[in-house]
Structures are given as structure tokens and as C-alpha cells.
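With the input below, show me the fold.
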Amino acid sequence: MSDAGASPENGLRRSLDNRHIVMIALGGIIGAGLFVGSGAVINRTGPAAVLSYALSGVLMIFVIRAIGE
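Numbering: from 1, shown residues only. All right, here's what the predicted structure looks like:
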């Protein structure tokens, strides 16, 4: 792996600002919450929850594609 893109003469540097750390933390919290929440729902309802999550995901993809048009 080369560090050619991170050279100071290109204007790029390797650093993390406070806002980057906050965004990484928020992503981790949201991801963990979704994972734990999904597990609890699947535990209560069974395999039907997986089917409903899949159907919801497909519908969201259609909506996102429609917005992109």
C-alpha cells in the first residue's frame, strides 16, 4: 500500500478532527442499536421478521431510486 495520496505536497494529511470522531461514534451507536433491536424483534416474532425487514429494504431501495430520478 502506498502513501502517495497522503503526501503533504498534495494537500492531504492523515488526521482525525473532533467531528470525524463524533461521526464514527454516532455510526457505531446507531449500528449497534439496530443490531440489538433487530435481534430482539427476530427473537420474539421468528422468521417473519426477517422477511419483513427484507421487504422494507427493497421498498427503501425503490424509493431512493425514485428520488434519484
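
Counting neighbours, which bits of stretch 40-55 end up buried?
By 16 or more other CB atoms under 10 Å, the buried positions in stretch 40-55 come out as Ala49. Bear in mind the C-beta positions are built from the backbone N, C-alpha and C, glycine included.

mind checking how far that stretch is from the chain centre?
Offset of stretch 40-55 from its chain centre (CA atoms, centre = their mean, to the nearest Å): 20 Å.

average model confidence for it?
Here stretch 40-55 scores 88 as its mean pLDDT.

can you check stretch 21-35 too?
Mean per-residue pLDDT for stretch 21-35: 89.

which residues of this protein fall in strands?
In the chain, no strands are found when defined by DSSP state E.

helices or strands up against the longest helix seen in it?
Of all the segments of type helix in the chain, defined by DSSP state H, the longest one is helix 18-45. Identification of packing neighbours for helix 18-45 by 3 or more CB pairs under 8 Å, 6 or more residues apart in numbering; DSSP states H and E yields helix 47-68.

Direction-wise, compare the longest helix of the chain with helix 47-68 and give the angle.
Here the directions of helix 18-45 and helix 47-68 differ by 140 degrees (axes from the mean of the first three to the mean of the last three CA atoms, to 10 degrees).

Can you give the distance of stretch 35-49 from its chain's centre?
Per CA atoms, centre = their mean, the centroid offset for stretch 35-49 relative to its chain is 19 Å.

Stretch 45-64 now?
Chain-centre distance of stretch 45-64: 16 Å, with CA atoms, centre = their mean.

That's all I had, so thanks and see you.
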